[in-house]
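Q: requesting a structural model of the entry that follows:
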Amino acid sequence: MESSIAEHLRVERVHPRRKPDSFHPPYPSFSARFDPAVDQVVMAYLGVQYRTPEPPPVVLAALAELDTAHSGEHAPDHHDRARFVDEAGYATVLTTFYWTDPAGYDRWTKAREAWTGPQHRSPDAGFFSEVVRPTVRRFETLFSSDRTEGVSVAAGELSGEIHEHGYWGGARDRLPVAQTDRLEPGTRPTAETDAETGVVTVRPQGNLCLIRSGQEWTETEGDEREMYLGDVEPVLRAGMEFLRDDGLGIGCYANRYVRVTDETGAETDKSCGMSWWHSLADLEAWAESHPTHVAIFRAAMKYLSTHAPAARLRLYHEVTVTDADEQEFRYLGCHDRTGLLRAVR
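A: Below is the predicted model of the structure:
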């Protein structure tokens, strides 16, 4: 086995790992391997929300324009789209773009009108742009198989089997920056509204934490598929809804449990939870001890003990902890529980 942290990102640890090198994980997992020339990436979440049964014209036009934006010059390295209904009952379409060249993202944004620009100001919809630019030292990835998702699609390859997983605290051990930094959160987020444009800009604190955690059941069949959809997914959904509705009290600023869609807009057998957290420590505390996550963990372990090692469910996640100057959050016409607005309302 090898370390999740690529060799060129390893330094002498100030903060020891939770498990020694002799620890043997109970199942194989892998991490993305980026070219050493990649120093920073961009993760851009562009969302649009509406209350009507069908998308209003301003939404359809905006999404059609966005569909042309993932090809051509300075195009992202990877993109995906998902949809969900948020805590206020708004249907939301979320498109995620990834770049391994921040300069390419800057040129891409300059070549088109801003997602929260005046052309999208409408009483029928709200638009938001949540963008982080972490260095490769500030995010980690984990996969149960060789099928990549999210930012890792833009990576060159996957590692071999890694040491740092299968125990509480593994995410911190996989973060290169955590070798020398405790990643304590900065001051609480603030917001300011542009009186002319109506755009609300949220300025979060340093070491804001983002997790995207996904599951794919495309290849499951028979009893395995029935067990995932009947026993595991409802418990997962309950945990995601707790974070969505009541997570603020434990440090979760916002949570979205989304269904990934294909190029036609049809739902796929993929979902993911996408959460903004006050700190990595708050995320760790929920994962280790909160009843909602304990229930998810127990359901998952029962599922894996029943179907492993032949289980066909694919799992992954990416955890990012960003500096304050690596973040940009803008909201136009959104309700006050949208994304980071919940943290400052």
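Q: what about the helices in this structure?
A: Here the chain has its helices, by DSSP state H, at 57-67, 102-110, 170-174, 222-227, 233-246, 280-289, 291-307.
Q: out of these, which is closest to Ile211?
A: Across the helices of the chain, Ile211 has its closest neighbour in helix 280-289 (6.1 Å, C-beta to C-beta). Where C-beta positions appear, they are placed from N, C-alpha and C, glycine not excepted.
Q: okay, that closest one in CSV with CA atoms only?
A: Only the C-alpha atoms of helix 280-289 are listed here, as CSV (Å, rounded to 0.1, in the frame of the first residue of the first chain):
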residue,chain,number,x,y,z
LEU,A,280,-13.1,20.3,9.2
ALA,A,281,-13.4,19.6,12.9
ASP,A,282,-17.2,20.1,12.8
LEU,A,283,-17.5,17.7,9.9
GLU,A,284,-15.4,15.2,11.8
ALA,A,285,-17.5,15.5,14.9
TRP,A,286,-20.7,14.9,13.0
ALA,A,287,-19.2,11.9,11.2
GLU,A,288,-17.8,10.3,14.3
SER,A,289,-20.6,10.7,16.8
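Q: report the angle between the axes of that helix and helix 291-307?
A: Angle of helix 280-289 versus helix 291-307, following axes from the mean of the first three to the mean of the last three C-alpha atoms, to 10 degrees, is 60 degrees.
Q: winner for burial among the helices of the chain?
A: Most buried of the helices of the chain, by mean neighbour count (mean count of other C-beta atoms under 10 Å): helix 170-174, with a mean of 23.
Q: what residues sit buried inside stretch 171-184?
A: Ala171, Arg172, Asp173, Arg174, Leu175, Pro176, Val177, Ala178, Gln179, Leu183 (16 or more other C-beta atoms under 10 Å).
Q: and of those, the nearest to Pro291?
A: Proximity of these to Pro291 (C-beta to C-beta) peaks at Ala171, which lies at 20.2 Å.
Q: tell me the pLDDT at the closest one?
A: You'll see Ala171 listed with a pLDDT of 97.
Q: same deal with Ala310?
A: Reported pLDDT for Ala310: 87.
Q: just checking, Gly214 touches Leu313?
A: No - using C-beta atoms under 8 Å as the test, Gly214 is too far from Leu313 to be in contact (10.9 Å).
Q: returning to what we had before: do you know which of the helices of the chain lies nearest Pro189?
A: Nearest of the helices of the chain (C-beta to C-beta): helix 280-289, 13.8 Å.
Q: what's in contact with that closest one?
A: The contact list for helix 280-289, computed with C-beta atoms under 8 Å, 6 or more residues apart in numbering, reads 168-169, 171-172, 175, 178, 183-185, 207, 209, 211, 243, 247, 250-252, 275, 277, 292-293, 319, 321.
Q: the inter-axis angle of it versus helix 233-246?
A: 140 degrees.
Q: mean confidence score for helix 280-289?
A: 97.
Q: gap between that helix and the chain center?
A: Distance of helix 280-289 from the chain centroid (C-alpha atoms, centre = their mean, to the nearest Å) equals 16 Å.
Q: what does stretch 212-229 give?
A: So, by C-alpha atoms, centre = their mean, the centroid of stretch 212-229 is 20 Å from its chain's centroid.
Q: please apply the same query to stretch 310-317.
A: With C-alpha atoms, centre = their mean, you get 17 Å for stretch 310-317.
Q: number the residues from 620 up from this point.
A: Got it, first residue is 620 now, which makes that one stretch 929-936.
Q: name the nearest residue to Gln668, ignoring sequence neighbours.
A: Tyr709 (4.1 Å; C-beta to C-beta, 6 or more residues apart in numbering).
Q: next up, phi/psi of the residue of the chain positioned farthest from its centre, please.
A: In terms of distance from the mean C-alpha position of the chain, Glu815 ranks first, at 31.6 Å (C-alpha atoms, centre = their mean). Phi and psi for Glu815, reported as degrees, to the nearest 10, are phi -80, psi -40.
Q: hang on, the earlier thing: just the ones of the contacts of helix 899-908 in strands?
A: Using DSSP state E, the members of these that fall in strands are Cys828, Ile830, Cys871, Ser894, Trp896, Val938, Val940.
Q: nearest to Val661, out of the helices of the chain?
A: With C-beta to C-beta, the closest approach to Val661 among the helices of the chain belongs to helix 721-729: 4.3 Å.
Q: give me the contacts around that closest one.
A: With C-beta under 8 Å, 6+ apart as the criterion, helix 721-729 contacts Gln659, Val660, Val661, Ala663, Ala688, Glu692, His693, Ala694, Pro695, Phe716, Trp718, Arg752.
Q: which one among the residues you listed gets closest to Pro645?
A: Closest approach between the contacts of helix 721-729 and Pro645, by C-beta to C-beta: Val660, at 30.3 Å.
Q: what about that closest one, how many neighbours?
A: Look at Val660: counted by other C-beta atoms under 10 Å, it has 24 neighbours.
Q: check the one 5 residues further on too.
A: Leu665 is flanked by 22 other residues according to other C-beta under 10 Å.
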